[in-house]
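Engineer: Turn this into a model:
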Amino acid sequence: MSTAADRTYTTTVGSQKLELPLVPLSDELTIALLICVDLGVSFAETAGRELAELMRPSRPEIVVSVATMGIPLAIEASRALGFDDYVILHKTPKIHLGESWAEPVYSITTDKPQRLRMDPARVDAVRGRRVAVVDDVISTGASLSSALRLVRRMNAEPVVIGTLMTEGGGWREALGPDAALVRALGAMPLFHPDGEGGLTEDWG
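Structural biologist: The predicted structure follows:
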């Protein structure tokens, strides 16, 4: 049990311990905020290596991840798997991305729908291959579902889903059968008011 006075949540990501700030998204929902890009080179290297070992039995041939938070994880997991390439999907429109390879997405930490886009020049790096789809945190499963749709549109096969943390349990329903592909270095709850000034953990 965490209380509002704590304002942090202690958890582990693989072998690494983190103290995460508790951030309210609304009057009814608070999350423990993990910002992968702020945790440093050593954290990313260790997490990427440990996640690669969880994904290795699925024999992926390339890593696909979602910008921006998934980029350090994609780099380090690819390095640990012995790959010299990886592919990033983008939520921010850029002139070279276009709309040919795009899927709608809604994230728990954004207030409006976005579109997940693939660079058309990178499609051949993914097409027909066994893919590890990685992201920093899986919460609603919305970003991940969009990424999986894009990968499958390229006639590629998602064989494993790697993440630092799962958050709550709503992602299982959102992903359906694909939830069985998830390999995570840790798990954390969502938080709701307990009516007495504290927070109660919701593992979904």
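
Engineer: Read off the pLDDT value for residue 4.
Structural biologist: Residue 4 is assigned a predicted lDDT (pLDDT) of 46.

Engineer: next one: residue 110
Structural biologist: 57.

Engineer: what helices or strands is the top helix by length along the chain leaning on?
Structural biologist: Ordering each helix of the chain by length in residues (DSSP state H) puts helix 40-55 first. Helices and strands touching helix 40-55, by 3 or more Cβ pairs under 8 Å, 6 or more residues apart in numbering; DSSP states H and E, are strand 16-24, helix 71-81, strand 130-138, strand 157-167, strand 182-184. For the C-beta atoms, the positions are set from N, CA and C on the backbone; glycine is no exception.

Engineer: okay, the ones you listed, which one's buried deepest?
Structural biologist: Mean neighbour count (mean count of other Cβ atoms under 10 Å) peaks for strand 130-138 among the helices and strands packed on helix 40-55, with a mean of 26.

Engineer: Report all helices and strands that that one contacts.
Structural biologist: When contacts are defined as 3+ Cβ pairs under 8 Å, 6+ apart, strand 130-138 packs onto helix 40-55, strand 62-66, helix 71-81, helix 142-153, strand 157-167.

Engineer: how about 10 Å then?
Structural biologist: On a contact count with 3 or more Cβ pairs under 10 Å, 6 or more residues apart in numbering; DSSP states H and E, strand 130-138 meets helix 40-55, strand 62-66, helix 71-81, strand 86-89, helix 142-153, strand 157-167, helix 170-175, strand 182-184.

Engineer: Tell me the buried residues in the longest one?
Structural biologist: By 16 or more other Cβ atoms under 10 Å, the buried positions in helix 40-55 come out as 43, 44, 46, 47, 48, 49, 50, 51, 52, 54, 55.

Engineer: Give me the mean pLDDT for that helix.
Structural biologist: 97.

Engineer: now that helix against strand 16-24, angle please.
Structural biologist: For helix 40-55 against strand 16-24, the angle by axes from the mean of the first three to the mean of the last three Cα atoms, to 10 degrees is 100 degrees.

Engineer: how far is helix 40-55 from where the chain is centred?
Structural biologist: Averaging C-alpha positions (Cα atoms, centre = their mean, to the nearest Å) puts helix 40-55 14 Å from its chain's average.

Engineer: quick one: it to strand 130-138, angle?
Structural biologist: Using the same axes, to 10 degrees: helix 40-55 against strand 130-138 is 130 degrees.

Engineer: tilt between helix 40-55 and strand 62-66?
Structural biologist: Going by the same axes, to 10 degrees, helix 40-55 makes 130 degrees with strand 62-66.

Engineer: which other residues reach helix 40-55?
Structural biologist: Residues from elsewhere that reach helix 40-55, judged by Cβ atoms under 10 Å, 6 or more residues apart in numbering: 13-16, 18, 36-37, 39, 60, 63, 71-83, 132-134, 136, 159-165, 181-186.

Engineer: One more: the shortest one?
Structural biologist: Around strand 182-184, the neighbours that count as contacts under Cβ under 10 Å, 6+ apart are 13-14, 51-58, 132-134, 137-138, 141, 144, 160-167, 171-172, 175.

Engineer: mind running it again at 8 Å?
Structural biologist: Residues outside strand 182-184 that contact it (Cβ atoms under 8 Å, 6 or more residues apart in numbering): 51, 54-55, 138, 160-166, 171, 175.
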